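Enquirer: predicted coordinates and the sequence they were generated for:
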Amino acid sequence: MCGAGDVLMENTLRSKFSSAELCRANGWGPGTRLGGISDVYTVIEITAVGERDILAKKIFHDGEPSEEREDVWILVHREWRPHESSVR
């Protein structure tokens, strides 16, 4: 799995690949934490990778997962990178 300093195999922003394909190409799986900036810096933890989509939970700034349910995340709307607190 990719670590925080690893080079991505495939960039996420405006990619032609699905979120699940991007995860597989970059070695991201359940437990991987990704950080990306839209209006604010957001950290998510991937909980499942399907055929086309991924499920993930938001991670608070203190490193704790949100108590909200996991949700489908689409990675092509921002550039995601492995977050330094990634378990993988």
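Expert: In hand now; what should we look at? Numbering: from 1, shown residues only.

Enquirer: show me the contacts for the spatially closest residue to Ser66 that is not a sequence neighbour.
Expert: The shortest distance from Ser66 to any non-neighbouring residue, by Cβ to Cβ, 6 or more residues apart in numbering, is to Lys58 (4.3 Å). Glycine gets a C-beta too; all of them are placed from N, C-alpha and C. Lys58 makes contact with 42-44, 65-66, 68, according to Cβ atoms under 8 Å, 6 or more residues apart in numbering.

Enquirer: which strand residues bridge the nearest residue to Gly29 once chain neighbours are set aside?
Expert: Of all residues not flanking Gly29 in the chain, Val49 sits nearest, at 5.9 Å (Cβ to Cβ, 6+ apart). Applying DSSP bridges to Val49 yields these beta-bridge partners: Ile54.

Enquirer: can you map out the helices along this structure?
Expert: In the chain, the segments counted as helices under DSSP state H are 19-26.

Enquirer: could you list the low-pLDDT ranges of it?
Expert: Within the chain, the segments meeting pLDDT under 70 span 1-8, 85-88.
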